[in-house]
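>>> Sequence plus predicted model, see below.
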Amino acid sequence: MRTYDKKVVKAGAITFVTALFLLILLPAALVTVWNAVEDRGGTTARQEQTSDGGQQAVQQPGSIDSDAIRVAVFRTQTQTVEEIPLEDYVLGVTASEMPASFHIEALRAQAVAARTYALAKVEKSASGNPQAHPQAPLCDDTHCQVFRTEKELLQIKGQAWMDDREAGLPQVKQAVQTTKGQVMYYQGELVQQPLFHSASGERTENSEDVFTASVPYLRSVESGEYEDGAYEGETVSVGLSEFIKKAAAQDGAAAGAASDTIRILSRSEGGRVERMQVGGATFSGREIRELFGLRSANFTVEISAAQITFTTFGNGHGVGMSQYGANGMGQAGNDYRQILGHYYSGIEVK
Ligand SMILES: [Zn+2]
């Protein structure tokens, strides 16, 4: 998932989309009714003791009347737009974005985040769809959220996964059904950027330290203690001359850098590299991460005569909910509301 595109669709594209909309998509769009958010209030989840002593979340009505909503999804393989019932879409995203073997409360948190993301995109599409897919507010790839239909999931994951009640589709279905219609709000407004990533390694990141905008609910919080060492301490080695060559291709001032001029200058609150010096050039940790395919911009460097070795902590951009952290929080007895409240500061689930 990426932070959403802030670019304004160009006038030409608007004309094209308007024409396309009137000719082809209008009948379909009429089905995509954007229902006004219906606040039923008082939907705090209750936990009830089950006979075996375990806890089970009791389904509470969400603030969204999901049954009345279909979302238009641009399918990247076929280059067509499909109208998908919202809850089916949330199922297809949750199953694709998080391992079904994760704790049920983590899957519930993921389902709420996926549902929130979808509705935020639909809401935003009133002023134009993303440039990457002007045909629809959502696509089915990492640009938005990965989405697969049940039929596609069967092909990808196999029949055993479809039937596995512990770590397969039934588990994901339960997570989606028991959070039906629930989304996140911040100060009464639908949360626009429910970003998530695989593992933070340490702390999550303030949004402005990774992307540009400071988002009040995307604050740096502790996560490493819940992640059980996922993606901690992986190493990537690059020949020193190759490293300098690649860096210099990006910024000429790095050309011919002496090894004692390669160093980390500063880090963000979440621990990711903010600025790294290579000769006369300075790179952001994100640039270095992209340049050398590192899992995370939270890394250390060790330089020898012949090579530079990166040791990375975490996996992904580090902003918003850590999926491994959510799993660990679930295992530690937290419910999905507590998980979401931890990773998205000050939000409300209803
Ligand atoms: Zn997209």
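Received, thanks.
>>> can you pull out the helices in the stretch 251-350 of the chain?
Per DSSP state H, counting those that start in this stretch, the stretch 251-350 of the chain carries helices over the ranges 285-292, 323-331, 336-343.
>>> can I get these in JSON lines with mean pLDDT and distance to the ion?
C-beta here means a position set from N, CA and C on the backbone, and glycine is covered the same way. Shown next, in JSON lines, are the helices of the stretch 251-350 of the chain (pLDDT from 0 to 100; distance: least, Cβ to the ion, whole Å):
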{"stretch": "helix 285-292", "mean pLDDT": "96", "distance to the ion": "19"}
{"stretch": "helix 323-331", "mean pLDDT": "98", "distance to the ion": "19"}
{"stretch": "helix 336-343", "mean pLDDT": "98", "distance to the ion": "22"}
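>>> Can I get the ones you listed in a markdown table including mean neighbour count?
Below are the helices of the stretch 251-350 of the chain laid out as a markdown table (neighbours: other Cβ atoms under 10 Å):
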| stretch | mean neighbour count |
| --- | --- |
| helix 285-292 | 18 |
| helix 323-331 | 25 |
| helix 336-343 | 24 |
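>>> can you state the direction angle for the helix or strand that contains residue 114 and helix 323-331?
In this structure, residue 114 sits in helix 104-124 according to DSSP states H and E. Inter-element angle recorded for helix 104-124 and helix 323-331: 130 degrees (by axes from the mean of the first three to the mean of the last three Cα atoms, to 10 degrees).
>>> With just CA atoms, put helix 104-124 into PDB.
Taking C-alpha atoms only, helix 104-124 is exported to PDB below (Å, rounded to 0.1, in the frame of the first residue of the first chain):
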ATOM      1  CA  ILE A 104      -7.700 -13.400  14.700                       C
ATOM      2  CA  GLU A 105      -7.500  -9.900  16.400                       C
ATOM      3  CA  ALA A 106      -4.700  -8.900  13.900                       C
ATOM      4  CA  LEU A 107      -6.900 -10.100  11.000                       C
ATOM      5  CA  ARG A 108      -9.800  -8.100  12.400                       C
ATOM      6  CA  ALA A 109      -7.600  -5.000  12.700                       C
ATOM      7  CA  GLN A 110      -6.500  -5.500   9.100                       C
ATOM      8  CA  ALA A 111     -10.100  -5.900   7.900                       C
ATOM      9  CA  VAL A 112     -11.100  -2.600   9.600                       C
ATOM     10  CA  ALA A 113      -8.000  -0.900   8.000                       C
ATOM     11  CA  ALA A 114      -8.900  -2.300   4.600                       C
ATOM     12  CA  ARG A 115     -12.500  -1.200   4.800                       C
ATOM     13  CA  THR A 116     -11.500   2.300   5.900                       C
ATOM     14  CA  TYR A 117      -9.000   2.600   3.100                       C
ATOM     15  CA  ALA A 118     -11.600   1.600   0.500                       C
ATOM     16  CA  LEU A 119     -14.200   4.000   1.700                       C
ATOM     17  CA  ALA A 120     -11.600   6.800   2.000                       C
ATOM     18  CA  LYS A 121     -10.700   6.200  -1.700                       C
ATOM     19  CA  VAL A 122     -14.300   6.200  -2.800                       C
ATOM     20  CA  GLU A 123     -14.900   9.400  -0.900                       C
ATOM     21  CA  LYS A 124     -11.900  11.000  -2.400                       C
END
